[in-house]
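*Asks:* Requesting a structural model of the entry that follows:
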Amino acid sequence: MTGAAPEPGLVPMRLQKFLARAGVASRRGSENLMTAGRVTVNGQTVTQLGAKVDPSADVVAVDGRPVAWPSAPFSCLLYKPAGVLTTMDDPYGRRTVASLVPTDEHPGLFPVGRLDQDTTGLLLFTTDGELAQRLLHPRYEKEKRYTALVEGRTSDAELQPLRSGALLDDGPCAPARCSVLKPGSARARAVAPNGVPYTESVVELAVHEGRKHIVKRMLASIGHPVVRLHRHGFGPLELSGLEPGRWRELTDAEGRALREATGLDGGARGKDTR
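*Replies:* Model prediction:
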């Protein structure tokens, strides 16, 4: 991993926070690395979660590889295409999102959350483990906005159970914002580029929950299974200026908005397009 000398004024911090800040993994993932005996400090294995390190003096390593304090966190947006797995490695050799983002230039880059293999759209990547941890924590969990092509002709009234909180097999959902989109709208073209078939409809939903397949299950619960799903928004971020399979670094404004939304100070460096 690459990085820079720690900035002056750093104080000792918990080892898992150091690992997360360095982009090794999320805070919880870093704790798992520690308890598995994969982390050393100055050559000694450290498994105690309360252990602290001095970023300006201690040498931290994971699986024998030194972990350097990063010069600055890096975050980017990917327009995930269909057929790509949201994982950084696949033992079966299937195509993953790791092949689409700058992992060589930014070691430690990882996705914040996931999209199903057949789902397209906005996927956030970062080397900032603390930011990722907060974005995924229920206390800070951000709104996720989707466009779905669904089976059957639906009406606005049919979506009311989703606004009230649909009951799924693992419990009720939080109320969702949703509406039926016009077939010719720009959002509808993301899931129906050749037009919406007469036997299908396009629905827009905004949810806060992170349960597995939550959007697909919600729509199936009202009798409209998903044919195609696209995520166009996540918290203050909106997918724009990208073609499928391309990425761009967060703008300064987007980085600040994410950190403010999660109670973190400062901003994230960024540029507009890639």
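*Asks:* Where do the strands of the stretch 1-150 of the chain begin and end?
*Replies:* 13-14, 39-41, 44-45, 52-53, 60-62, 65-66, 75-80, 110-111, 120-126, 144-151 (DSSP state E, counting those that start in this stretch).
*Asks:* Count the residues that sit near the closest residue to Met34 other than its chain neighbours.
*Replies:* Computed as C-beta to C-beta, 6 or more residues apart in numbering, the closest residue to Met34 that is not its neighbour in sequence is Thr47, at 5.5 Å. Glycine gets a C-beta too; all of them are placed from N, C-alpha and C. For Thr47, the count of nearby residues is 14 (other C-beta atoms under 10 Å).
*Asks:* Could you measure from Thr47 over to Thr126?
*Replies:* According to C-beta to C-beta, to the nearest Å, Thr47 and Thr126 sit 26 Å apart.
*Asks:* so who does Val84 touch?
*Replies:* Residues in contact with Val84 (C-beta atoms under 8 Å, 6 or more residues apart in numbering) are 95-97, 99-100, 117.
*Asks:* quick revisit: determine which of the strands of the stretch 1-150 of the chain shows the lowest mean per-residue pLDDT.
*Replies:* Out of these, strand 13-14 stands lowest, with a mean of 86 (criterion: mean pLDDT).
*Asks:* Give me the helices and strands touching that one, please.
*Replies:* Counting by 3 or more C-beta pairs under 8 Å, 6 or more residues apart in numbering; DSSP states H and E, the packing neighbours recorded for strand 13-14 are strand 52-53.
*Asks:* Out of the contacts of Val84, grab the one that's most surrounded.
*Replies:* Highest neighbour count within the contacts of Val84: Val97, with 24 neighbours (other C-beta under 10 Å).
*Asks:* so where is the protein shaky, pLDDT-wise?
*Replies:* Across the chain, the ranges flagged by pLDDT under 70 are 1-11, 70-71, 265-274.
*Asks:* Just send the strands of the stretch 1-150 of the chain back as CSV, with distance to Lys212 and mean neighbour count too.
*Replies:* Shown next, in CSV, are these (distance: least, C-beta to C-beta, whole Å; neighbours: other C-beta atoms under 10 Å):
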stretch, distance to Lys212, mean neighbour count
strand 13-14, 30, 16
strand 39-41, 29, 20
strand 44-45, 34, 9
strand 52-53, 35, 18
strand 60-62, 28, 18
strand 65-66, 32, 11
strand 75-80, 17, 24
strand 110-111, 15, 20
strand 120-126, 16, 24
strand 144-151, 13, 23
